[in-house]
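Novice: predicted model, plus sequence, below.
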Amino acid sequence: MFTVKSAYHVAISLHSSTGRASSSNSEAVARNWSLMWKAIVPARVKTFWWRVISGILHTKENLAQKKVPLDEECMFCGGPIESSIHILRDCPFAICAWRSSTLSSSRWNNDAHSPKDWVFRCAEQLSCHEFANFLMVGWAIWEARNGLLWNNRKSRPEQVSLHASLRLQDFLRVNNCLGSQSRQGQIRQIWQPPQGNTLKINVDGGWKTGTTEGGVGVVVRDFTGKFVAGCATKLTNVFSAPQLEALAARTGTVLAMERGYQNVVFESDALQIVTALRSCSIDRSVIGPVVEDTKSLLTQITGEGFTHIRRTTNGVAHRLAHFALHIGGSLHWFEEPPDFISDVLYEDCNS
Ligand SMILES: [Zn+2]
């Protein structure tokens, strides 16, 4: 029977049979294989990547080398040769899928020429959580390619990254991984300050069930975790959680615009909204106008745009959003934070 474990042993023996590399190099390769096999993703996803790294994925390029008679064109873009690196990383369809994922481009993209170097470089540089996301998005791109090739099923790139994220969340939930991983420290569940001269803006929405009232919270912090600005805004005529989260994202973006902040990374725990904001195509859903407006404002602010974080790491914005439910209108703070968030601000920087 073909199992991931057997695949692992085949991979290791393949490597050692071709390896004239130095021992330090082979140690690095072994370490990277180990990162791959230990990744917290479904076994079929690991098997897929084992095929990619070993150069035996059934891409049209690989099949052509085996003299299978077929055209070699990319199904998505019509590019001349469908190689692993093209279909998974360089194809415009793949690029759009990666961009609408929660990984910024410096995390999934590098200039490696071979699939093995590409994946192993990412394995070295990404956190466990990021690497699991990386593996899922690449796999989902291949699934979309197969859907098109075998069933003529067309997917949009942002559906691909959303599918990858949801499948990963299901897998973690079913395997009860979320708690045990955080205990082992493999998935960081604490808020991280931004790098160097970057500002981080966290946004969140709070919903009063059974009403049409919502609250929005925004907090801006610098690389030391110091409070720079915050706001709490009460909204009326709110009809859904996605609408509220989209409005929270817009409020954070407007605050950044008004204050002239540049080099900003935004964080939201609403995956659907982050995916919509990172998508290359126009959002035609009910929340489309808010999403598209926010996207156009974001083009005027340098930085990484929106990324997704876990709800548990969005404590300050969450509290501001719930506070907003109890006020009328909008409150802003600059430099000096309000007392009722000082404990969460402190926890975020001292966990
Ligand atoms: Zn292509």
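Specialist: Alright, I've got the coordinates.

Novice: verify the contact between Phe266 and His308 for me.
Specialist: No. Contact criterion C-beta atoms under 8 Å: Phe266 and His308 do not qualify, at 10.2 Å. C-beta coordinates here come from the backbone N, C-alpha and C atoms, glycine included.

Novice: now the spatially closest residue to Asn314 that is not a sequence neighbour: how far from Glu245?
Specialist: Computed as C-beta to C-beta, 6 or more residues apart in numbering, the closest residue to Asn314 that is not its neighbour in sequence is Asp269, at 4.6 Å. Distance check for Asp269 against Glu245: by C-beta to C-beta, to the nearest Å, it reads 8 Å.

Novice: who's in contact with Asn32?
Specialist: Counting by C-beta atoms under 8 Å, 6 or more residues apart in numbering, Asn32 touches Val119, Phe120, Ala123, Glu124.

Novice: any idea which residue sits dead centre in the protein?
Specialist: The centroid of the chain falls nearest to Thr102 when counting by C-alpha atoms, centre = their mean (1.6 Å).

Novice: got the phi/psi numbers for Phe76?
Specialist: phi -90, psi -50 (degrees, to the nearest 10).

Novice: tally up the residues packed near Val68, please.
Specialist: Val68 has 10 neighbours, counted by other C-beta atoms under 10 Å.

Novice: and stretch 149-156, what's buried?
Specialist: Ser155, Arg156 (16 or more other C-beta atoms under 10 Å).

Novice: and the residue nearest to Glu213 when sequence neighbours are not counted, what does it touch?
Specialist: Spatial nearest neighbour of Glu213, excluding adjacent residues (C-beta to C-beta, 6+ apart): Thr236 at 5.9 Å. Thr236 makes contact with Thr212, Glu213, Gly214, according to C-beta under 8 Å, 6+ apart.

Novice: tell me which of those is nearest to Ser165?
Specialist: Set against Ser165, the nearest of these by C-beta to C-beta is Gly214 (24.1 Å).

Novice: isn't the closest one up against Ala246?
Specialist: No. In this structure Gly214 lies outside contact range of Ala246 using C-beta under 8 Å: 10.9 Å.

Novice: what residues does this structure have near the ion?
Specialist: Proximity of the chain to the ion, by C-beta under 5 Å from the ion, involves residues Cys74, Phe76, Cys77, Gly79, Cys91.

Novice: flag the least confident of the residues you listed.
Specialist: Among those, Gly79 carries the weakest pLDDT, at 89.

Novice: could you look up the SS state of that residue?
Specialist: Reducing the assignment at Gly79 to three states with DSSP: H, G, I helix; E, B strand; the rest coil gives coil.
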